[in-house]
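>>> model the structure of this input:
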Amino acid sequence: MQEVSESLNQFEGMEAWTQLGISIGIFLIVLLLRKAFTTYIFKFFLKIAKKRKIDFAANLMLAIEQPVRWLIVLLGIIISMHYFPIDDIPSDIIRLRIYRSVFVFLFFWTIFNISSILTILFPKLVGKFGLEVDQIVIPFFTKIIKLIIVALGASIIAEEWGFNVNGFVAGLGLGGLAFALAAKDTVSNFFGGIVIVTEKPFTIGDWIKTPSVEGTIEDITFRSTKVRTFAQALVTVPNATLSNEPIINWSKMGKRQIAFHLGVNVATPKDKLETVIERIEKMLIDHPEVHPETILVKFDEFSHTGFNVYLYFFSNETNFGDYLAIKEDINFKILDILEEEDIQIAIPSQAFILQTDSHTADMNDFQSMHD
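Numbering: from 1, shown residues only. Below is the predicted model:
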């Protein structure tokens, strides 16, 4: 009997090693399949999507890549674990909970990544239906959707492990007053963001100026708005602050003002001055980048250096760089008109009294006579 018992133990030991080898072999095969999926299958479909310029399909493949890779690993673990029979029921329950939790996590991870594609897909769908949606709305509501996805995934996993989510929510209700007081600034910033999104005083890429900051809008979140200044610094302004401040949106200008005085020399004849004013006014009227609605070129005032002609008009371009280019072109055209009419620009003059030696001697003689 002892020999039979030893033989059975040896057989059971060999069987355990065999099961271990099969389990490891299955897991390695799954890892190879995962590698093949990443290297060949996934890249093949991604290449086709990019070649045919299907942006949504390409972004969808990138969104599901990581979750699918880990799903393959999870399936390999589940299959290989079948060769490790465990008779302890609680262990089986715990393993089942772990598997379910990981499946839920991977599912919501995939949905979370896909929600990022809304910033690409949503504008196209809106365009097909002829609707107009501000650019700032899309990233804001994308963040809300992501927050909901994370909350749903966390609650499902918590329920899987026996946590009473309803009781937790009820507990928040009981302590709602204290929570609201503690999170007062956060809540005010959140509603400030909603006010910004609904009223749309600006959108992403707009150039704004407020008492707090001046620059271009880069992003808006639940709490704050990111503004890139012209010195390339990134300023984060709380939404509550921004929604309560006067906001100048320079990007919403339909035209941009140009106004200055042009001083001409005091020796300019009257008829020449009239001719110059007429030619400058005609040049501005004919200029393609000058707004035709308001163009004023008038002899405005006398000065101690000459005659001041006041120019007041608007450029069609509001972008600062284009605005300066238009202004420069107009200045050069004004110079051409002045040269053609042989008129000089008024320059402030200064009088200098030079005291020579002879003058000093004369002054000395004059002084001695009176002495």
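>>> mind showing which ranges of this protein have poor pLDDT?
Along the chain, segments meeting pLDDT under 70 span 1-20, 23, 49-50, 52-58, 82-92, 118-140, 164-184, 348-371.
>>> what about the residue most central in space within it, which helix or strand?
Geometric centre of the chain, nearest residue: residue 218, 2.6 Å, by C-alpha atoms, centre = their mean. Element membership for residue 218 (DSSP states H and E) is strand 214-220.
>>> pull out the buried positions in that strand.
215, 216, 217, 219, 220 (16 or more other C-beta atoms under 10 Å). Using the backbone N, CA and C atoms, a C-beta is placed for each residue, glycine as well.
>>> what do you get for stretch 142-156?
If you call a residue buried by 16+ other C-beta under 10 Å, then stretch 142-156 has these buried ones: 142, 143, 146, 149, 153, 156.
>>> now for residue 328, how many residues are close by?
For residue 328, the number of neighbouring residues by other C-beta atoms under 10 Å comes to 10.
>>> kindly report the same for residue 98.
Residues within reach of residue 98, counting by other C-beta under 10 Å, total 15.
>>> now it. Its backbone dihedrals?
phi -60, psi -50 (degrees, to the nearest 10).
>>> going forward, begin numbering at 16 instead of 1
Understood, numbering begins at 16; the last thing we discussed is residue 113.
>>> report the contact partners of it.
The contact partners of residue 113, taken as C-beta atoms under 8 Å, 6 or more residues apart in numbering, number zero.
>>> against residue 282, how distant is residue 316?
Counting by C-beta to C-beta, to the nearest Å, the gap from residue 316 to residue 282 is 17 Å.
>>> and the buried residues of strand 229-235, which is closest to residue 80?
residue 234 (25.3 Å; C-beta to C-beta).
>>> so what's residue 327 closest to, chain neighbours aside?
What sits nearest to residue 327 in space, not counting adjacent residues and going by C-beta to C-beta, 6 or more residues apart in numbering, is residue 311, at 4.1 Å.
>>> which among the buried residues of strand 229-235 gets closest to residue 43?
Ranked by distance to residue 43 (C-beta to C-beta), the buried residues of strand 229-235 are led by residue 234 at 44.6 Å.
>>> which residue is the nearest non-sequential neighbour of that closest one?
Spatial nearest neighbour of residue 234, excluding adjacent residues (C-beta to C-beta, 6+ apart): residue 241 at 4.5 Å.
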